[in-house]
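Chemist: Model the structure of this input:
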Amino acid sequence: MPDSNAMNRRTFLAASGAAATTAALSAASYARVIGANDRIRIGFIGVGGMGSGHVDACQALKEKDNLEFLGVADCWKTRADAAASKLQTQAFTDYRKVLDIREIDYVTIATPEHWHSQMTVDALDAGKAVYCEKPMTHTIPQAQAVMKKQKETGLALQVGVQAMSDDSYRTAGEAIKKGVIGKVVQAQIEYVRRYDKQGPWRLPEVTDNQPKPADLDWNAWLGHAPKIDWNPHHYFEWRNYSTYSGGIATDLFIHRITRIMRACDLLYPRRVVGMGGIWQWPDGRDLPDNFEMICEYPRGMTVYVLGTMSNRVGIDHLIRGYRGTLYFTSSGWVARDKDGKVLDQHQKTGGEDIHLHHTNLHNHLRNGEPLNCPMELGMAGVVAVNMANESWRTSTMMGWDAKNEKMVPAQTLNLGHTAEQDTPA
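Modeler: Predicted structure coming up:
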């Protein structure tokens, strides 16, 4: 009997190829209605923190990429006004006002994770392409809803994993498919930091009694999250709370696991374990301050991700194969055999750069250039990190129910222990 996981993966990849072709055709036709002089018109939703990075990046690209800015939205009016002043455009506190601007070609979404899915679906419904910060959504069902809507509209969706604009991972994937390191069996990667006294994502200037800014719409910020009284820690330090974020897994690991997925042509993991704890900063957070995860994939390999927030000593980023090992470096990658002989190497172009990531989206809209981090890759990342967090929360190994497309306790599935047969020997 054929491996159901293998069949599911092949079916999905075939569908993804068809979707990519459709998206390219949509982009080509979409480009014909881009503004006068081939100008791309942008709106911004969320302009604090990472959102301000999008404002600065697009402003720097304005002349080179022929851009125009038509609106900014943030539920804190002071932030919206500041960004709008910088871009010389109009400010709103309701993001839907930006979506109402017919001439906008795409919007950036840089808000807490719990808002990503609703804003993305609303933008697609409004006929806008989207650049959504990572993770694509807060939960797996939300990612599935975004995927459904994107396929219905055919509009572009670039996920903000900027490292995908570094060609190291695409070219590593090409080398692996050619069999340079043989059958891949394992990969490892990390995102480590050493935080000071207050721990991950705590801000020393934020105090318990800090008043709400008078022009901040707190209820709008909460959205569909449980209604609570103003809490400065939830607003300014939202990555510490599972209502709004997945913490280390969704904010940091998504950057790393996506690299390995691109290089190893991975989709959904078969089983995932997440381990860690609130070991050093028990300060009211409900997400771990130190974390790690292991993902097992149907092709017959595991991926280990380390996330220590108390020590910045990392581990090599590498992929292990039967013939050799591929090491990622600051300049690209090199593959060596067991004796150290170089099997292949690559000097990278591009990099983990928000400017390059936006330009890739601009090129996609104009001429159908493939997106560096399309929806399918964003979806796969959301599945992996959510399974890791759920494993941690429940002390259970999580499995992917391919038939019903959802995560469940692994022991409830009849999972095999053999690899797919369509990988390099």
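Chemist: could you say what helices and strands the helix or strand hosting Met147 packs with?
Modeler: Using DSSP states H and E, Met147 sits in helix 140-153. Contacts defined by 3 or more CB pairs under 8 Å, 6 or more residues apart in numbering; DSSP states H and E place helix 140-153 against helix 116-125, helix 375-394, strand 406-409. In this view, the C-beta of every residue, glycine as well, is placed from N, C-alpha and C.
Chemist: In it, which residues are buried?
Modeler: Ile140, Gln142, Ala143, Gln144, Ala145, Val146, Met147, Lys149, Gln150, Thr153 (16 or more other CB atoms under 10 Å).
Chemist: Grab the nearest non-local neighbour of the last one.
Modeler: On the basis of CB to CB, 6 or more residues apart in numbering, the spatially nearest residue to Thr153 that is not a chain neighbour turns out to be Leu124, at 4.7 Å.
Chemist: Identify the residue spatially nearest to Ala126, adjacent ones excluded.
Modeler: Using CB to CB, 6+ apart, the closest residue to Ala126 is Leu99 (4.0 Å).
Chemist: quick one: the strands in the stretch 101-250 of the chain?
Modeler: Listed in chain order, the strands of the stretch 101-250 of the chain (DSSP state E, counting those that start in this stretch) span residues 106-109, 129-133, 157-160, 184-190.
Chemist: Serialize those to CSV and add fields for distance to Gln88 and mean pLDDT.
Modeler: Converted to CSV, the strands of the stretch 101-250 of the chain look like this (distance: least, CB to CB, whole Å; pLDDT from 0 to 100):
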stretch, distance to Gln88, mean pLDDT
strand 106-109, 17, 98
strand 129-133, 20, 98
strand 157-160, 24, 98
strand 184-190, 41, 98
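Chemist: any chance of the ones you listed in CSV, plus mean neighbour count and distance to Gly277?
Modeler: Converted to CSV, the strands of the stretch 101-250 of the chain look like this (neighbours: other CB atoms under 10 Å; distance: least, CB to CB, whole Å):
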stretch, mean neighbour count, distance to Gly277
strand 106-109, 27, 31
strand 129-133, 26, 27
strand 157-160, 28, 28
strand 184-190, 20, 18
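Chemist: how about the ones you listed in TSV, adding distance to Val385?
Modeler: Output for those, formatted as TSV (distance: least, CB to CB, whole Å):
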stretch	distance to Val385
strand 106-109	18
strand 129-133	14
strand 157-160	13
strand 184-190	13
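Chemist: what's the helix holding Met147 in contact with?
Modeler: Outside helix 140-153, the residues within contact range by CB atoms under 8 Å, 6 or more residues apart in numbering are 19, 116-117, 120-121, 124-125, 127, 136-137, 157, 375-376, 378-379, 382-383, 386, 405-407.
Chemist: What subset of those residues is buried?
Modeler: The buried subset of the contacts of helix 140-153 - by 16+ other CB under 10 Å - is 19, 116-117, 120-121, 124, 136-137, 157, 375-376, 378-379, 382-383, 386, 407.
Chemist: how many neighbours does the closest residue to Leu343 other than its chain neighbours have?
Modeler: Distances taken as CB to CB, 6+ apart put Ala335 closest to Leu343, at 4.3 Å, once the chain neighbours are dropped. Counted by other CB atoms under 10 Å, the residues lying close to Ala335 total 23.
Chemist: So Ala335 belongs to a strand, correct?
Modeler: Yes. Judged by DSSP: H, G, I helix; E, B strand; the rest coil, Ala335 forms part of a strand.
Chemist: Any idea what it is bridged to?
Modeler: Beta-bridge pairing for Ala335 (DSSP bridges): Leu326, Asp344.
Chemist: I'd like the distance between it and Glu174.
Modeler: Separation of Ala335 from Glu174 (CB to CB, to the nearest Å): 12 Å.
Chemist: List the buried residues in whichever helix or strand Ala83 is part of.
Modeler: Assessed by DSSP H and E, Ala83 sits inside helix 77-87. By 16+ other CB under 10 Å, the buried positions in helix 77-87 come out as Lys77, Arg79, Ala80, Asp81, Ala82, Ala83, Ala84, Leu87.
Chemist: Closest one of these to Tyr322?
Modeler: Relative to Tyr322, the closest of the buried residues of helix 77-87 is Ala83; by CB to CB it sits at 51.5 Å.
Chemist: Can you tell me the closest non-neighbouring residue to that closest one?
Modeler: Ala83's closest residue in space is Val47 (CB to CB, 6+ apart), at 3.9 Å.
Chemist: mind checking how far that neighbour is from Gly276?
Modeler: 32 Å.
Chemist: neighbour count winner among those two?
Modeler: More crowded of Val47 and Gly276, by other CB under 10 Å: Val47, with 27 against 22.
Chemist: Could you pull up the contacting residues of that one?
Modeler: His54, Val55, Val72, Ala73, Asp74, Arg79, Ala80, Ala82, Ala83, Ala110.
Chemist: The first one touches Ile45, doesn't it?
Modeler: Which is His54. No. Between His54 and Ile45 there is no contact under CB atoms under 8 Å: 9.6 Å.
Chemist: any shared contact partners between these two?
Modeler: In contact with both His54 and Ile45: Thr108, Ala110, using CB under 8 Å, 6+ apart.
Chemist: Which one of those two is surrounded by more residues?
Modeler: More neighbours surround Ile45 than the other of His54 and Ile45, with 30 against 25 (other CB under 10 Å).
Chemist: Could you list which residues are in contact with the nearest residue to the more buried one once chain neighbours are set aside?
Modeler: With sequence-adjacent residues excluded and distances taken as CB to CB, 6+ apart, Ile45 is closest to Tyr95, at 4.5 Å. By CB under 8 Å, 6+ apart, the contact set of Tyr95 is Ile45, Gly46, Ala73, Met119, Asp122.
Chemist: which residues touch the third one?
Modeler: What it means is Ala73. 43-47, 80, 91-95, 97-98.
Chemist: Brilliant, that's me finished.
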